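*Asks:* Provided below are the primary sequence and the corresponding predicted coordinates.
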Amino acid sequence: MTNTSMNMRGKIIFYEERNFQGRHYECMSDCSDMSSYMSRCHSCRVESGCFMVYDRPNYMGNQYFMRRGEYADYMSMMGMRDCIRSCRMIPMHRGQFRMKIYERENFGGQSYELMDDCDNMMDRYHMNDCQSCHVMDGHWLMYEQPNYRGRMMYMRPGEYRSFRDMGMSGMRWMSMRRIMDSCY
């Protein structure tokens, strides 16, 4: 395997202790439950690619976006209250980005199609809530506050009929950003 194809796949190394100490686990794909590899994880290093990490197994709980870099004490940096329990590699996407957002569940109410980042849904579309979406092309991050702040949710191509049914009850999505290949 060449370095180019290795970089396209992504690689993240998790460490049990802060500052890259203790046992470690190297990951180059999705991992639904890290507990079989290590009892805790308090630092990580993303050598290539982008990943979403989750504070619960099976890609549940709070989500955090990790791009290439070192996270010596990510819990204090990101405000995490728990350690990483699962991770998902974000595949590189080349081409256009398209996502249709809906005001209500099951694709109801106002709708708008996005092809680029939106830093404030209320200002741009006069839409104060987004409860479902359809991602046609690309990979996206949705944020609960304007200007890409607050809790986030990773969206890959597919239909999302109800964010509430996905465990995001009470969340309001106010900004969206494309995950560009610049993180590779």
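*Replies:* Looks like it arrived, so ask away. Note that the structure is predicted; figures quoted are calculated from it, not measured.

*Asks:* So the most centrally placed residue in the chain versus Gln21, what's the distance?
*Replies:* Among the residues of the chain, the one closest to the centroid is Tyr154, at 3.6 Å (Cα atoms, centre = their mean). According to Cβ to Cβ, to the nearest Å, Tyr154 and Gln21 sit 28 Å apart. For every residue, glycine as well, the C-beta is placed using N, CA and C.

*Asks:* Now the element after the helix or strand Ile12 falls within, going C-ward?
*Replies:* Element membership of Ile12, judged by DSSP states H and E, is strand 11-17. Counting by DSSP H and E, the element after strand 11-17 in chain order, helix or strand, is strand 21-27.

*Asks:* Which parts of this protein are strands?
*Replies:* With strands called from DSSP state E, the chain shows them at 11-17, 21-27, 43-48, 50-56, 60-66, 69-71, 86-90, 98-104, 108-114, 132-137, 140-145, 149-155, 158-160, 175-178.

*Asks:* want to try JSON lines for those strands, with mean pLDDT and distance to Met122 as columns?
*Replies:* Formatted as JSON lines, those follow (pLDDT from 0 to 100; distance: least, Cβ to Cβ, whole Å):
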{"stretch": "strand 11-17", "mean pLDDT": "93", "distance to Met122": "34"}
{"stretch": "strand 21-27", "mean pLDDT": "95", "distance to Met122": "37"}
{"stretch": "strand 43-48", "mean pLDDT": "93", "distance to Met122": "32"}
{"stretch": "strand 50-56", "mean pLDDT": "92", "distance to Met122": "25"}
{"stretch": "strand 60-66", "mean pLDDT": "90", "distance to Met122": "22"}
{"stretch": "strand 69-71", "mean pLDDT": "92", "distance to Met122": "31"}
{"stretch": "strand 86-90", "mean pLDDT": "95", "distance to Met122": "27"}
{"stretch": "strand 98-104", "mean pLDDT": "96", "distance to Met122": "12"}
{"stretch": "strand 108-114", "mean pLDDT": "96", "distance to Met122": "12"}
{"stretch": "strand 132-137", "mean pLDDT": "97", "distance to Met122": "16"}
{"stretch": "strand 140-145", "mean pLDDT": "95", "distance to Met122": "11"}
{"stretch": "strand 149-155", "mean pLDDT": "93", "distance to Met122": "14"}
{"stretch": "strand 158-160", "mean pLDDT": "97", "distance to Met122": "20"}
{"stretch": "strand 175-178", "mean pLDDT": "96", "distance to Met122": "9"}
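
*Asks:* what's the closest of the ones you listed to Asp33?
*Replies:* Proximity to Asp33 (Cβ to Cβ) singles out strand 86-90 among the strands of the chain, at 6.0 Å.
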